[in-house]
Structures are given as structure tokens and as C-alpha cells.
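Colleague: take a look and give me a structure for this.
(chains A and B)
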There are 2 protein chains.
Amino acid sequence: MQLLKDRILAEGKVLPGNIIKVDGFLNHRVDTRLMEAIAEEFKKYFDVSDITMVLTAEASGIALATICAQKYNVPMVFAKKAKSDNIEGGLYHSEVFSYTYKKKVTQLLSKEWMTSTDRVLIVDDFMANGEAVRGLCDLVDQAGATLVGIGIAVEKGFQGGGDRLRDMDLNYHALAVIDSADENGIVFRPDEI
Amino acid sequence: MQLLKDRILAEGKVLPGNIIKVDGFLNHRVDTRLMEAIAEEFKKYFDVSDITMVLTAEASGIALATICAQKYNVPMVFAKKAKSDNIEGGLYHSEVFSYTYKKKVTQLLSKEWMTSTDRVLIVDDFMANGEAVRGLCDLVDQAGATLVGIGIAVEKGFQGGGDRLRDMDLNYHALAVIDSADENGIVFRPDEI
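Modeller: Sure, this is the predicted structure:
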């Protein structure tokens, strides 16, 4: 997606350790117009008329997932990192390792909000090792729901998470795949379409 | 806001300990059409043409704040609970106690994304003791930015957080103030307008 790549080149930064900083428009300060464009772009890859919900992980995926859910006219559900006292009944539960935060993260989802009849589009703003997405897929499995697809805005292609999902024959698409990011700049993989 | 109150009465539940469960449409599964209506309603209380950003706290405030930012044509910024490795430079920092999660929570905001020229509308989906909002106000103070107002969707009025903010002469408004919630049901405070 050229608009997203252009934005990453214009405003993104590479920090030591191949860390890609896009927090001015994607995951700390959020440009909702860009989120709208991303939600539109996902329609090229996923039949959004066929889904019953958009699922993401707390916290930074929520902004993009909200705009996607708005555009696709379905509810947005986010997996929580910790149990709050306002959830009752059973929970789906997965454990993943967050490389961003360097610790194990729990993903919790109330059984009330995803069931075997759901058709789920997983959306996230950023993917590196793919652990958060793996956990979300696990939640969909636990519910016996149908995974329609996985849409990611920015993928760190050189960390392998995206390629592992591509190999699994899931309907996985990322709109800006970064193949290298270092002191020489950012190199993107060519767009799929 | 009658639409919001009706929804709380139709789908909300009171759990033991005066806990109000609205996670089917507000803070776990999110109805984006309702978020749009709330964002419109806030316009009755705040001059949204006069703000430069919407500020909220991770995580459940992000969905509502995203739709507000979209409607008001400004960026959405959320305070983070933990430092991730993709933030560089200085941080504003506040510490609050979360009654929902029964622990101290840190709020972090990159100094890059709020400065003294900003005019900030704080938005959150739910307020009880008001600790999260107090922390956000503290972040605005640290930046030397201008606090234009504080908009809350659902306030647990009987826990005092909202009344403390009203006493402080801030431009504070909540759209559904719950004055009591127990086995007899939910009682709302009359709307301001």
C-alpha cells in the first residue's frame, strides 16, 4: 500500500536494534484518516461482507480495528491483557511472548463475545514475530469460530512472523512489509497486488 | 444521553460489588455506531473545532477516542501503561491506582506528541474513581498544554470521581451518570442538558 509506505518513509525512524518507530501516526499518536485508508485497502484482500466481527489485541491494535469495524459494520472485539472485574463467565485464554515489551503477555476474551458461529477478521497495526496474532488465532480456535483472514498494517518481514503465517495457508496479508531497516534506511517488499 | 442510558438498561448488568458490566458494547466488544453517537453528543458540551488532539488512556478508552478524533478531525493520542522499545526521547509520566485492576498503573506519553501549544480534549469510556482521568490531566499539565475539556461516556456517579472533577471547575461532562447500581437495578442522574 503505497500511501502507508510513503508515510513510513516520511515519518518513520529506525532506532538501534532494527526497531521501527511509527508512533507518530500508527501506535501512540494515531492518524484516523490513515486508519480509514488502511481499512479500505483491506477490502481488496478480504470479503468483509462475510465477517461477523473484527478481533484485535490490546492495546495499539484497537484504533485500527475500531475504524475497520466501523467501515465493515460489525462489532470490534479486543483481547485483554488482564482480567478486569467486569467480565463474568468463562474466558478464552492464550499466552504469548511480547518482543515489544520483553515479557509474557496473556490474552483474555470473554466467551460471551465470540462463539462457534462467528466469522472473524483479525486486524493488527504492527507485526514482528507474530506472537500476538498467533495468540489471537488460538482464541478463535478455542471458540470454534471461523478465521476469515488476518490483516496487518505494518509487518517487520525480516523477523519471520509474517512468513510463518503465509506458510500456514491462512488468508494473511500485510500492507507494508519491511524487509530491512537499518542505518541505510527502510526497504519494503513489493506489494502483493 | 438517552440512547446510551437505554443501551445500559437493555444490555448492562450489575455484578456483585456494584460493578457495572457494559462490556458487550463499550469496553470489550465495542459498538462503533454507538461510539459515533457519543462523539456527536460530546459536541454539545465541547467546542471540538478548538482542539488539536483527543487524549485517552490505554486500553478501553482507545475505541471511543479514535471515533471522536475521526469526527473532530484531529489526532488521537493514548497514554501507555508501559514503555515499549519504540518510544524515544522524553516521556511525561503519571502514576494512578486502577480500581478495575486493583493495582497501580503507570501512564506514559511521549513528549513528542503533546506540547505546550496543544489544546486537549480528554475522552474516556468509563469513569469510577477518576484516577485514570486524574493521571491524564497530570500529563496535560506536565506538557503545559491547555485542557479544553473532559468527556466521559459512562460515570459511576456514586464513586465520587466525577463530582471531584466538577468541583474543580474543569469543563467536565459525562453522558450517563449512574447514581446507584444494585440488585434493584440502575438509577441514572438526570441529564445536564
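
Colleague: give the contact list for the residue nearest the centre of chain A.
Modeller: The centre of chain A sits closest to A:D124, judged by CA atoms, centre = their mean, with a distance of 1.4 Å. Applying CB atoms under 8 Å, 6 or more residues apart in numbering or on different chains, we find A:D124 in contact with A:T56, A:A57, A:G61, A:L64, A:A65, A:A132, A:V133, A:L136, A:G151, A:I152, A:A153. Quick note: C-beta positions are derived from backbone N, CA and C, even for glycine.

Colleague: got it, and A:V123?
Modeller: Counting by CB under 8 Å, 6+ apart, A:V123 has contacts A:F42, A:V54, A:L55, A:T56, A:G61, A:L64, A:A65, A:C68, A:I150, A:G151, A:I152.

Colleague: the closest residue in space to the first one that isn't next to it in sequence: which element?
Modeller: In space, A:F42 comes closest to A:G151 once its chain neighbours are excluded; the distance is 4.5 Å by CB to CB, 6 or more residues apart in numbering or on different chains. With secondary structure defined by DSSP states H and E, A:G151 is part of strand A:146-156.

Colleague: quick one: strands adjacent to that strand?
Modeller: strand A:119-127 (parallel), strand A:172-182 (parallel) (DSSP bridges).

Colleague: for those strands, which one ends up most surrounded?
Modeller: Greatest average neighbour count among these goes to strand A:119-127 (a mean of 24), per mean count of other CB atoms under 10 Å in any protein chain shown.

Colleague: please save the CA atoms from it in CSV.
Modeller: Only the C-alpha atoms of strand A:119-127 are listed here, as CSV (Å, rounded to 0.1, in the frame of the first residue of the first chain):
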residue,chain,number,x,y,z
ARG,A,119,-16.6,-15.4,11.2
VAL,A,120,-13.6,-13.4,12.4
LEU,A,121,-11.2,-11.0,10.7
ILE,A,122,-8.1,-10.5,12.9
VAL,A,123,-6.6,-7.0,12.5
ASP,A,124,-3.4,-5.5,14.0
ASP,A,125,-1.4,-2.4,13.4
PHE,A,126,2.0,-3.9,13.6
MET,A,127,3.6,-7.4,13.5
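
Colleague: which SSE is immediately downstream of that strand?
Modeller: helix A:131-143.

Colleague: can that following helix be found next to chain B?
Modeller: No - Helix A:131-143 stays clear of chain B (CB under 8 Å from any CB of the partner chain), getting no nearer than 12.6 Å.

Colleague: buried set for that helix?
Modeller: By 16 or more other CB atoms under 10 Å in any protein chain shown, the buried positions in helix A:131-143 come out as A:E131, A:A132, A:V133, A:R134, A:G135, A:L136, A:C137, A:D138, A:L139, A:V140, A:A143.

Colleague: quick one on the thing from earlier: in helices only, show me the contacts of A:V123.
Modeller: Mapping those onto helices (DSSP state H) picks out A:F42, A:G61, A:L64, A:A65, A:C68.

Colleague: got the contact list for the last one?
Modeller: Residues touching A:C68, when contacts are defined by CB under 8 Å, 6+ apart, comprise A:M35, A:I38, A:A39, A:F42, A:V48, A:V54, A:M76, A:L121, A:V123, A:G151.

Colleague: quick one: stretch A:132-140 to chain centroid distance?
Modeller: Remark: stretch A:132-140 is offset 10 Å from the chain centroid, using CA atoms, centre = their mean, to the nearest Å.

Colleague: err, stretch A:100-110, not the other one
Modeller: Remark: stretch A:100-110 is offset 14 Å from the chain centroid, using CA atoms, centre = their mean.

Colleague: show me what counts as buried in that stretch.
Modeller: So for stretch A:100-110, counting by 16+ other CB under 10 Å, buried means A:T100, A:V105, A:Q107, A:L108, A:L109, A:S110.

Colleague: flag the least confident of the residues you listed.
Modeller: In terms of pLDDT, A:T100 ranks lowest among the buried residues of stretch A:100-110, with 71.
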